[in-house]
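Participant: got a structure for you, letters missing:
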């Protein structure tokens, strides 16, 4: 009775110790199911994993909600395939038992795993099914998280406006149920969407405010998450020293959580900072370290990003044949995911390589394909960079009027932005 009262007071750890001492395994299992969402939101997956493992296997395998929780823990730790396998098993059992809330939660978790692996359509199928279940009752944490995961998946596909709509709806639900931690998480997602739309300065200010919230907590997982994105924005805004400090701190927090996925993203972003500082050897070292982790984590998007980043680095060093080899690997993963955004990034890099080897006609073909996709998806940053590449291609062909036209279109596109990527890109190209 004392432990039950303690659970009601929210002191889950003390209650679990009492149940464990009493060897009341059913109560231990129920407590894990009750506390799981809270622990995962607070970045306490390691403790949650210890609790799940403390439950006898004969009880664990009879409770699909526990299997789903174990899948979520493995997902947080970067063990993607085993996570998907366990979540699929949990979903089959929950379908038979008609446990709608736990089923929706497991579908959202599996959707997250599929998003990370790059199977975006499968992720959307899972999350849309979860939303259909959630629509039958009052908006709650599961509904809000489903909307957030859908928004993040649409973001990976390059659908920024639809992504922003989902994340904004998710934020409103979290605010209505007073979920401060998840509110901060969705605000970070929205900040990144604004950055993708070109508003780097406001995005950095917003992320700084989000970090002020997490800084007051002991949540290393989300500190690392926010610091990685903050470091990237600081780098894009030219604040390289601040970016380096943010990313080194992010790396420390990622290592505390033992999250190889977060560590990979921190290293990849450190590589970007070094590349912007024209330190190719340091950039390549960081990219390669991140790549090893991304392969282990089966993180398809990060693998595409890293292959393209290394291709660009090699291209800028004049190593165009090696750049094409890295691009070919990026193409394979982009085609695997079916993401038009990732494929368009590959077209853009192929166009840049063809410019570097003096083949402007082929470059224009690839760049035009990329531009059409970026414009349809409202990817202002990528579109403006592609327009500048097209201007250079036409300049190589001595078609100066068309080159001028592309530059003017790009300048109009970026006029409302706080940050002008075409200027920095022009300087970058002059060095190539």
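Facilitator: Thanks, I have it. Given the structure is predicted, the values throughout are model-derived calculations rather than measurements.

Participant: please enumerate the helices of the stretch 251-400 of the chain.
Facilitator: Ranges of helices in the stretch 251-400 of the chain, per DSSP state H, counting those that start in this stretch, are 260-276, 280-297, 300-316, 320-337, 340-356, 360-376, 380-396, 400-414.

Participant: buried residues in the last one?
Facilitator: To tie it back to what came earlier, the one meant is helix 400-414. Judged by neighbour count using 16 or more other C-beta atoms under 10 Å, the buried positions of helix 400-414 are 403, 406, 407, 409, 410, 413, 414. C-beta here means a position set from N, CA and C on the backbone, and glycine is covered the same way.

Participant: could you check the angle that helix makes with helix 380-396?
Facilitator: Angle, helix 400-414 to helix 380-396, by axes from the mean of the first three to the mean of the last three C-alpha atoms, to 10 degrees: 170 degrees.

Participant: gap between helix 400-414 and the chain center?
Facilitator: Distance of helix 400-414 from its chain centroid, counting by C-alpha atoms, centre = their mean, to the nearest Å, is 32 Å.

Participant: then the third one?
Facilitator: If you compare the mean C-alpha spot of helix 300-316 with that of the full chain, they lie 16 Å apart, counting by C-alpha atoms, centre = their mean.

Participant: what helices or strands is it leaning on?
Facilitator: helix 100-117, helix 260-276, helix 280-297, helix 320-337, helix 340-356 (3 or more C-beta pairs under 8 Å, 6 or more residues apart in numbering; DSSP states H and E).

Participant: phi, psi of residue 140?
Facilitator: Here is the backbone geometry of residue 140 (degrees, to the nearest 10): phi -140, psi -170.

Participant: report pLDDT for it.
Facilitator: Per-residue pLDDT puts residue 140 at 89.

Participant: residue 419 now?
Facilitator: 46.

Participant: who touches residue 82 in this structure?
Facilitator: Listed by C-beta atoms under 8 Å, 6 or more residues apart in numbering, the contact set of residue 82 reads 71, 74.

Participant: what residue ranges in the protein score low on pLDDT?
Facilitator: For the chain, applying pLDDT under 70 flags the ranges 1, 416-432.

Participant: hmm, 50 instead?
Facilitator: Within the chain, the stretches with pLDDT under 50 are 418-432.

Participant: re the thing from before, turn the helices and strands packed on helix 300-316 into JSON lines, including distance to residue 235.
Facilitator: Shown next, in JSON lines, are the helices and strands packed on helix 300-316 (distance: least, C-beta to C-beta, whole Å):
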{"stretch": "helix 100-117", "distance to residue 235": "24"}
{"stretch": "helix 260-276", "distance to residue 235": "5"}
{"stretch": "helix 280-297", "distance to residue 235": "12"}
{"stretch": "helix 320-337", "distance to residue 235": "21"}
{"stretch": "helix 340-356", "distance to residue 235": "19"}
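
Participant: so which of the ones you listed comes closest to residue 148?
Facilitator: When those are compared by C-beta to C-beta, helix 100-117 sits nearest residue 148, at 8.8 Å.

Participant: just give the nearest non-adjacent residue to residue 406, would you?
Facilitator: Closest residue in space to residue 406, ignoring its immediate chain neighbours: residue 391 at 3.9 Å, by C-beta to C-beta, 6 or more residues apart in numbering.

Participant: any idea how many residues pack against residue 335?
Facilitator: Residue 335 has 13 neighbours, counted by other C-beta atoms under 10 Å.

Participant: can you redo the helices of the stretch 251-400 of the chain as TSV with distance to residue 200?
Facilitator: Shown next, in TSV, are these (distance: least, C-beta to C-beta, whole Å):
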stretch	distance to residue 200
helix 260-276	13
helix 280-297	20
helix 300-316	18
helix 320-337	25
helix 340-356	19
helix 360-376	17
helix 380-396	9
helix 400-414	11
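
Participant: so which of those comes closest to residue 233?
Facilitator: Comparison of the helices of the stretch 251-400 of the chain against residue 233 by C-beta to C-beta identifies helix 260-276 as nearest, at 10.0 Å.

Participant: if we can go back for a sec, distance check, the residue nearest to residue 406 against residue 349.
Facilitator: To residue 349, residue 391 is 17 Å away according to C-beta to C-beta, to the nearest Å.

Participant: cool, residue 156 as well?
Facilitator: Distance, residue 156 to residue 349, by C-beta to C-beta: 18 Å.

Participant: now residue 404
Facilitator: In terms of C-beta to C-beta, residue 404 sits 24 Å off from residue 349.

Participant: ok, now residue 309?
Facilitator: Distance, residue 309 to residue 349, by C-beta to C-beta: 9 Å.

Participant: next one: residue 31
Facilitator: 50 Å.

Participant: try residue 66
Facilitator: 45 Å.

Participant: what's the answer for residue 75, then?
Facilitator: According to C-beta to C-beta, residue 75 stands 30 Å off from residue 349.

Participant: residue 12 too?
Facilitator: Taking C-beta to C-beta, one finds residue 12 at 49 Å from residue 349.

Participant: against which helices or strands is the helix or strand in which residue 131 is found packed?
Facilitator: In this assignment (DSSP states H and E), residue 131 forms part of helix 120-134. In terms of contacts (3+ C-beta pairs under 8 Å, 6+ apart), helix 120-134 is packed against helix 100-117, helix 141-156.

Participant: turn the ones you listed into CSV, including mean neighbour count and distance to residue 186.
Facilitator: Shown next, in CSV, are the helices and strands packed on helix 120-134 (neighbours: other C-beta atoms under 10 Å; distance: least, C-beta to C-beta, whole Å):
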stretch, mean neighbour count, distance to residue 186
helix 100-117, 25, 14
helix 141-156, 24, 6
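
Participant: out of the ones you listed, nearest to residue 303?
Facilitator: Ranking these by proximity to residue 303 (C-beta to C-beta) places helix 100-117 first, at 10.2 Å.

Participant: for that closest one, packing partners?
Facilitator: If contacts are counted by 3+ C-beta pairs under 8 Å, 6+ apart, helix 100-117 sits against helix 64-77, helix 80-97, helix 120-134, helix 141-156, helix 300-316.
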